[in-house]
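Asks: I would like the atomic coordinates for the input below:
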Amino acid sequence: MSIIRLICMGTSILLLAACVTTPPPAKKVNPITRLPTQNQPVPKPGARPAFGSHEFNVIRDAAPGAPVDVRNVPDAEPVEEPLSAYGNRNPYTVLGETYALLPTIKGFRQDGGASWYGTKFHGLKTSSGEKYDMYKMTAAHRNLPLPTYVRVTNKANGLSVIVKVNDRGPFHSERIIDLSYAAAAKLDMLKTGTAQVEVEAIDPVEFQRKLGKNGKAEKPAAGNLDAGSDSNFYVQVGAFGDLANATALQSKLLELIYAPVVIARTELPSVVHRVQIGPFFTLEDADKVAVIIRDGDLGKPIVVKR
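Replies: As a prediction, this is how the structure comes out:
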């Protein structure tokens, strides 16, 4: 990944929390705040903590404190696009090791270990310059050009996902790919932290040809996760006629929580933009988040089902 994630591999303390993501210790914490404890600083979304800074080093990587339903997060859709302006230096050196990029993705297939990364890097820039969003289907790889789309299959259970490689890493000899939280969840590897996988590159042109004009799925609007199921619960924090006000609240909440914050638009009888946190598996999980929002004077939340 970006240089930031390499820091965590440089000290024995951070090896526990870096690119191999394991569940946080059995310590009751606020399920949506960024702080493992109230005394630890956190990186501001979109900003890179200084190399080796205390602010970065004390943060432990983890899954979101409150369970988040990612079953309906769509796979990345392979599309033809130019190489990223960043992250494609060839060769490049990290931690004294030099790596070369593959000249072509045609026929690429690789077997090996997969790990995942989560809250610690959520909102920070990846090697390609894109922000890391742990609720999207993305991954990091040492040698594939950025971006590359790959199919990742968990050999233990046969589950498969398509992800967009937009980051560098993992710089660990026993692993070949680092997955986003959402991708790891859909492969059912969160509890183990790692899994043996098969990685296969996808030709975007061929993928679109096979998909066909009528089979192309419509993409959700940026920043909005459409759960698309009656069994999902959301915590609604505000409702606005003005989209700008809804977006401002969304941005504020994203600075404070580790859960998707979506804007749901309704048009009857008039246009309303509803700012909602979720989805959550159960009503109990949603209620817990609503209490935290209310106690933190962040709004007057209500739990909705859609």
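
Asks: any idea of the mean pLDDT for stretch 107-119?
Replies: For stretch 107-119, mean pLDDT is 94.

Asks: kindly apply the preceding question to stretch 298-306 instead.
Replies: Averaged across stretch 298-306, the pLDDT comes to 85.

Asks: in stretch 246-261, what's buried?
Replies: 246, 249-250, 253-254, 256-261 (16 or more other CB atoms under 10 Å). Where C-beta positions appear, they are placed from N, C-alpha and C, glycine not excepted.

Asks: out of those residues, who's nearest residue 86?
Replies: Nearest to residue 86 out of these is residue 254 (CB to CB; 22.9 Å).

Asks: my read: the closest one touches residue 123, true?
Replies: Yes - taking CB atoms under 8 Å as the definition, residue 254 is a contact partner of residue 123 at 7.3 Å.

Asks: distance of the residue nearest the centre of the chain from residue 171?
Replies: When CA atoms, centre = their mean is applied to the chain, the residue found nearest the centroid is residue 134 (1.0 Å). Noted for residue 134: a distance of 19 Å to residue 171, by CB to CB, to the nearest Å.

Asks: what ranges do the strands span in the stretch 151-300 of the chain?
Replies: Taking DSSP state E, counting those that start in this stretch as the criterion, the stretch 151-300 of the chain carries its strands at 160-167, 177-180, 195-202, 233-240, 261-266, 272-280.

Asks: same for the third one, what does it pack against?
Replies: For strand 195-202, the elements it packs on are strand 109-117, strand 148-154, judged by 3 or more CB pairs under 8 Å, 6 or more residues apart in numbering; DSSP states H and E.

Asks: in JSON lines: those, plus mean neighbour count.
Replies: Shown next, in JSON lines, are these (neighbours: other CB atoms under 10 Å):
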{"stretch": "strand 109-117", "mean neighbour count": "20"}
{"stretch": "strand 148-154", "mean neighbour count": "22"}
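
Asks: make JSON lines from these and add distance to residue 85 to it.
Replies: Listed next are the helices and strands packed on strand 195-202 as JSON lines, based on distance: least, CB to CB, whole Å:
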{"stretch": "strand 109-117", "distance to residue 85": "23"}
{"stretch": "strand 148-154", "distance to residue 85": "15"}
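
Asks: nearest to residue 274, of those strands?
Replies: Here strand 109-117 is closest among the helices and strands packed on strand 195-202 (CB to CB), at 30.5 Å.

Asks: ok so, going back, relative to residue 115, which of the strands of the stretch 151-300 of the chain is closest?
Replies: Of the strands of the stretch 151-300 of the chain, the one closest to residue 115 (CB to CB) turns out to be strand 177-180, at 5.4 Å.

Asks: who's in contact with residue 238?
Replies: Counting by CB atoms under 8 Å, 6 or more residues apart in numbering, residue 238 makes contact with 245-246, 249, 274-275, 299.

Asks: what's the distance between the closest residue in space to residue 266 that isn't next to it in sequence and residue 200?
Replies: What sits nearest to residue 266 in space, not counting adjacent residues and going by CB to CB, 6 or more residues apart in numbering, is residue 272, at 5.1 Å. When distance is defined by CB to CB, residue 272 is 44 Å away from residue 200.

Asks: tell me, please, the helix or strand in the protein that averages the lowest pLDDT.
Replies: helix 12-15 (a mean of 35; mean pLDDT, DSSP states H and E).

Asks: the stretch 201-306 of the chain: helices as residue ranges?
Replies: According to DSSP state H, counting those that start in this stretch, the stretch 201-306 of the chain carries its helices in the segments 204-211, 243-254, 283-295.

Asks: residue 160 reaches residue 152, doesn't it?
Replies: Yes - with contacts defined as CB under 8 Å, residue 160 counts as touching residue 152 at a distance of 6.8 Å.

Asks: shared neighbours of the two, which are they?
Replies: residue 187.

Asks: dump the helices of the stretch 201-306 of the chain to TSV, plus distance to residue 113.
Replies: TSV is the format used below for these (distance: least, CB to CB, whole Å):
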stretch	distance to residue 113
helix 204-211	26
helix 243-254	31
helix 283-295	31
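
Asks: to residue 234, which of the ones you listed lies closest?
Replies: It is, among these and with distance given as CB to CB, helix 283-295, at 6.8 Å.

Asks: distance from the chain centre to the closest one, please.
Replies: From the chain centre to the centre of helix 283-295 is a distance of 22 Å (CA atoms, centre = their mean, to the nearest Å).

Asks: packing partners for that helix?
Replies: strand 233-240, strand 272-280, strand 302-305.
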